[in-house]
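Chemist: would you be able to build a 3D model of this:
(chains A and B)
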Amino acid sequence: MQISVDHFELSIIFALLVSIVLGLVTKRTNRERVHYAAYCFGCFMLALFSIGWFMRVLHG
Amino acid sequence: MWDFPIVIHAFASHDPAKIKMMPAVPAGASASAPLRSPFLTVILAWLIPGGGHFLLRRRGRAAILFCVVLATFLIGVLMRGPLFQPSAAGDVLSRLIQYGGFIGDLATGLCYFVSVWLGYAPPDQAGHTPEYGSKIIVAAGLLNILAMVDAYEIATRQKD
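Modeler: As a prediction, the model looks like this:
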């Protein structure tokens, strides 16, 4: 059995999993953890789309 | 080292009323974590993702860490990502990548040992899917290292 995930899908999965762990280990209260995880996920998404569009413009 | 209160004397006046008792734990951390050996905690956290937190009675966090690290590892395995092998062949950069990847794989603890024991050794074939799979297995190990550091800090009462 082998799953096939493209770069975009894997980036979203990776961002979600890493954001959860970062929120969990860096903050003290549950509220702070949820906020920080959401913030990290947002930053990942921003970087993903920014770099994606930058490469699109660069390569045409 | 934080088990006993630290007494600071007011040297200037020797007035007992000015003796201050400092808390046994740093500000922001509570003494609710059971006393466990930090070494044992880190070893358990390495072998079983979230195991260190479970030992320290942080069961919710332990369950989340276990699920996240295991899910990351399984995604990599389902993508048939090959495991890194320490190899002395190649140039310095290749060796650095191989050894670094091997340490990342090894950091997943029992996930790595069980998969090797079950004979998981996909060939290093061309294609983006196995390539991503290999990297995401390393990412699982790095997430587990974050969990190990967190468990160590809880065990040494640096955080709650």
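Chemist: which non-adjacent residue is nearest the closest residue to chain B within chain A?
Modeler: Residue of chain A nearest chain B, by CB to the nearest CB: A:Val25 (4.0 Å). Backbone N, C-alpha and C define where each C-beta goes, glycine included. Distances taken as CB to CB, 6 or more residues apart in numbering or on different chains put B:Asp150 closest to A:Val25, at 4.0 Å, once the chain neighbours are dropped.
Chemist: got a list of what that neighbour touches?
Modeler: Counting by CB atoms under 8 Å, 6 or more residues apart in numbering or on different chains, B:Asp150 makes contact with A:24-25, B:52-53, B:159.
Chemist: A:His35 now?
Modeler: A:23, A:27.
Chemist: for it, phi and psi?
Modeler: With angles defined as degrees, to the nearest 10, A:His35 sits at phi -60, psi -40.
Chemist: can you give me the pLDDT of the closest residue to chain A within chain B?
Modeler: Chain B approaches chain A most closely through B:Asp150 (4.0 Å), counting by CB to the nearest CB. B:Asp150 carries a pLDDT value of 95.
Chemist: measure it to B:Pro122 for me?
Modeler: Per CB to CB, to the nearest Å, B:Asp150 is found 31 Å from B:Pro122.
Chemist: show me which residues of chain B sit near chain A.
Modeler: When proximity is defined by CB under 8 Å from any CB of the partner chain, chain B lies next to chain A at B:28, B:61, B:64-65, B:68-69, B:71-72, B:75, B:78-80, B:128-129, B:132, B:136, B:139, B:143, B:146-147, B:149-150, B:159-160.
Chemist: quickly find the element holding the residue of chain A closest to chain B.
Modeler: For A:Val25, the host element (DSSP states H and E) is helix A:7-26.
Chemist: what residues sit buried inside that helix?
Modeler: Buried residues in helix A:7-26, counted by 16 or more other CB atoms under 10 Å in any protein chain shown: A:10-11, A:14-25.
Chemist: nearest to A:Arg33, of those residues?
Modeler: A:Arg33 lies nearest to A:Gly23 out of these, by CB to CB, at 4.3 Å.
Chemist: dump the buried residues of helix A:7-26 to JSON lines, plus pLDDT.
Modeler: Shown next, in JSON lines, are the buried residues of helix A:7-26 (pLDDT from 0 to 100):
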{"residue": "A:Leu10", "pLDDT": "93"}
{"residue": "A:Ser11", "pLDDT": "94"}
{"residue": "A:Phe14", "pLDDT": "95"}
{"residue": "A:Ala15", "pLDDT": "96"}
{"residue": "A:Leu16", "pLDDT": "97"}
{"residue": "A:Leu17", "pLDDT": "96"}
{"residue": "A:Val18", "pLDDT": "97"}
{"residue": "A:Ser19", "pLDDT": "97"}
{"residue": "A:Ile20", "pLDDT": "97"}
{"residue": "A:Val21", "pLDDT": "96"}
{"residue": "A:Leu22", "pLDDT": "96"}
{"residue": "A:Gly23", "pLDDT": "95"}
{"residue": "A:Leu24", "pLDDT": "94"}
{"residue": "A:Val25", "pLDDT": "94"}
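Chemist: I'm done for today, thanks for sticking with me.
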